[in-house]
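K.L.:
Sequence and predicted structure, then a few things I'm wondering about:
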Amino acid sequence: MKRFFIIFAAILLVSVSAFAQSKTPLKGDVNEDGVVDVADITAIIAIMKNGGGTGESTTYYWYVGHENPMNMTSITPLPSNDASEGAGWRTIGTTLPTYSKTNPLWNSSDYITTATSKSTMYVALPSDTIKSRNDITGSDVTGDGWTIGTTKKTLNGVQYTIWTSINNKKSFSETLY
């Protein structure tokens, strides 16, 4: 494997002089800095280390709405997490915080109107530990009005637990933590 990288590095470095004056993309310029050098080999190793990815961080979201997330193939986040935006994917961030009664993911006082008429509602959460909770006692109320989330869907490399409303709804007013 070491021999491969040495040969590969030599090929990349030799090709620099041939393409240095060209405006076309350089073969081997993996990091697109306009030069084929050792930094490109480092970029290739990083790509291989990350299983073909570029090492970008994971972004976590949560969803509330009437479209079943099991039928979705991608996440399109709302511009902000404001309740007035209605149904859709809301951004959590690049880390998944520990939520609590004093630091909820969503507060029930922020009603989200998700439709004009009542129908089955879905909530997708990036962790089994985040649940709908009673505002006063903090007890788990996911079985009270929601199915127990055993359905899983992976989107953007994150596995989401999907909750389904037992009753038809047109607004979301749960506390999640």
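P.N.:
Perfect, thanks for sending it.
K.L.:
So residue 111 is in contact with residue 174, correct?
P.N.:
No: counting by C-beta atoms under 8 Å, residue 111 sits too far from residue 174 to count as a contact (9.9 Å). All C-beta atoms are positioned from the backbone trio N, CA, C, and that covers glycine.
K.L.:
Compare neighbour counts for those two and give me the winner.
P.N.:
More crowded of residue 111 and residue 174, by other C-beta atoms under 10 Å: residue 174, with 25 against 12.
K.L.:
and the nearest residue to the more buried one once chain neighbours are set aside, bridged to which residues?
P.N.:
Spatial nearest neighbour of residue 174, excluding adjacent residues (C-beta to C-beta, 6 or more residues apart in numbering): residue 132 at 4.3 Å. Residue 132 has the following beta-bridge partners by DSSP bridges: residue 176.
K.L.:
Next, the distance between the ends of stretch 78-94.
P.N.:
The first residue of stretch 78-94 is 16 Å away from its last residue (C-alpha to C-alpha, to the nearest Å).
K.L.:
What average pLDDT does it get?
P.N.:
Across stretch 78-94, pLDDT averages out at 95.
K.L.:
And for stretch 147-167?
P.N.:
On average, the pLDDT along stretch 147-167 is 88.
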